Every structure is written in structure tokens, then in C-alpha cells.
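Asker: can you look at this prediction? I've put the sequence above it.
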Amino acid sequence: MTAVPLRGSKTMNAKLSCLTLAVAFITGAAGSALAGGDVIYQGVKDPGAAIPVPAPIPVIVYEPEYYVRFDVGASWLANGSLEEYGAGTAMADIDDVEAIEFGSIGAGRYVTPSIRVELAVDLMTKAVLDRGPGTVKFEQDIGMLNAYYDFRNGSPFTPYIGGGIGVTYRQLSLATDLDPDTPRTEKQWDFVAAATAGVSYDITDDIVWDTSYRYLWQSGEVGVSAPTLSGTSRVEIKDVGQHQLRTGIRLNLN
């Protein structure tokens, strides 16, 4: 049996040959591209696709470094000694002396978030020490270096304790019946020490309301003598303790 060639078989063979060559060329080109390191991008739904995660933006928190403070308060004399010798001026008991009002100004630095140090000056009004018409008067101004520890707890209320040392400038004056318009005055510098406990409240990040109790101790003695119609009168005050209540505002400075 003789095979009969199909019509167009040469043409079909030529087309198949060309198609085979094209497939081989494309396959070789793709292999070369992959070998060269070209990236094949996968679809979004492809679980193998790597999605970059943005780095978190750091939040900068500014802590105050310095502050200034303004306080007012009252002080009551306690302990200590208050004596009169000579003419018998009627002195008050030291516990009966009326409260001494004062104003205070200070500046400080936060050494750490919980430890702060400050310099402060207290300016006080005069106190009348006798039972008579006010002929014995006591005045004092105080400068102190204080240190405090704040018990921070994450709330606006911060309890604290502290202590300080410093100096006091005291004046004691005595006016007598011999010359009532010209009192005799003695002035003296002495050492002071204090212990404090209080609580502050953060009104804002920069404004703090501060209230505290302070026990203040003054060393040394200051005395004054003056002539009277019946002799010489001498008044002495020494080693005085004071109970103080204070309240004020602290302004943080960034």
C-alpha cells in the first residue's frame, strides 16, 4: 500500500518547526533572566509575599529641669526658751506667741525625676513676745538649702519628704518706759535646720500646687538689754523650734 502525502504537509511541518524554535528561545530567555537575579512579583493574595512593616515613631517626653516657687504660710514658736531678767517685763509663754506670717521665694533643680534641690528665702513678719503693749518684738529672715525626695506614683498627687540647713538673721528689740520711742535692738546670724513632709498636686505639666508641714529649729541665743525706770531689763530668746504650715505654687521650667 502506497502512502499518499497530505496536501500542505510541507507547510505544516515548517510551521511546527518555527513554533518549536520560538518556544525554545522563550524558555532560554526566561532562564537567563532568572539567573540574572530579576525579581518575580507575586500577587497580593500570595501568602508568601513580604509586606514591609513601618518602624514605630519614638515619642519624646520632656522632663522639667528647673523650677521656681512662691509660698505663703504661718509659723508658731515652740520649745525653746524666752526669758526676761531685771525689771520684770511681763513676757508671754513661748507657746502663746501669735502666729508669725511669712512669704517665701525659691528656685530649684530636678537632679533626677524623684530628687530635687533648692535654695529658698523666707521673709517673716514681726512677733510680739510680751504680754504688755508690744514692747518686745522678734523678727527673723531665713535662707535655706533644701533637698526633697518625691514619691512618684503615676497620679497627679505626689507625697514627698525633705530636709534642709541654712542661716537665720534674727532681730530682737526692747522698748522700755524710760525711752519708749527708741527701742534697743540686737541682731544676730544663727544656724537653722528643718525637716519637711508634704504633698504636691500637678495642676498642669508646668504648674504644681505644693502644701507642706515643716519643723524648723534655730540654734543660738539672741538677747537685748535696755534701761528702765526701775533698773535694767534684759530679754533673751534661744534654741527656738517652729511649726510651719506652707502652701504655694511651683512653676516648672523646661
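Answerer: Now that the structure is in, tell me what you want to look at.
Asker: so who does the residue nearest the centre of the chain touch?
Answerer: Nearest residue to the geometric centre of the chain (Cα atoms, centre = their mean): Y110, 5.7 Å. Neighbour list for Y110: E63, P64, E65, Y66, Y67, R116 [criterion: Cβ atoms under 8 Å, 6 or more residues apart in numbering]. Yep, even glycine has a C-beta here, placed from its N, CA and C like the rest.
Asker: which neighbouring elements make contact with the helix or strand hosting W189?
Answerer: Applying DSSP states H and E as the criterion places W189 in strand 184-202. With contacts taken as 3 or more Cβ pairs under 8 Å, 6 or more residues apart in numbering; DSSP states H and E, strand 184-202 sits against strand 136-150, strand 157-174, strand 207-228.
Asker: thought Y149 was touching Y160?
Answerer: Yes: contact status for Y149 versus Y160: in contact at 6.1 Å, counting by Cβ atoms under 8 Å.
Asker: looking at the two, which is more packed in?
Answerer: Neighbours were counted for Y149 and for Y160 using other Cβ atoms under 10 Å; Y160 has more, 18 against 14.
Asker: how near is the more buried one to G108?
Answerer: Taking Cβ to Cβ, to the nearest Å as the measure, Y160 falls 12 Å from G108.
Asker: coming back round to it: ok now the strand holding W189, how far from the chain's centre?
Answerer: Offset of strand 184-202 from its chain centre (Cα atoms, centre = their mean, to the nearest Å): 20 Å.
Asker: what does stretch 180-200 give?
Answerer: In this view, stretch 180-200 has its centroid 26 Å away from the chain centroid, taken as Cα atoms, centre = their mean.
Asker: sorry, back to before: how about CSV for the contacts of Y110, with neighbour count and secondary structure added?
Answerer: Shown next, in CSV, are the contacts of Y110 (neighbours: other Cβ atoms under 10 Å; DSSP: H, G, I helix; E, B strand; the rest coil):
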residue, neighbour count, secondary structure
E63, 10, coil
P64, 17, coil
E65, 11, coil
Y66, 14, strand
Y67, 19, strand
R116, 21, strand
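Asker: strand partners (parallel or antiparallel) of the host helix or strand of G80?
Answerer: Taking DSSP H and E as the definition, G80 sits inside strand 66-85. Here strand 66-85 has these sheet partners by DSSP bridges: strand 100-110 (antiparallel), strand 231-253 (antiparallel).
Asker: I appreciate the help and will end here.
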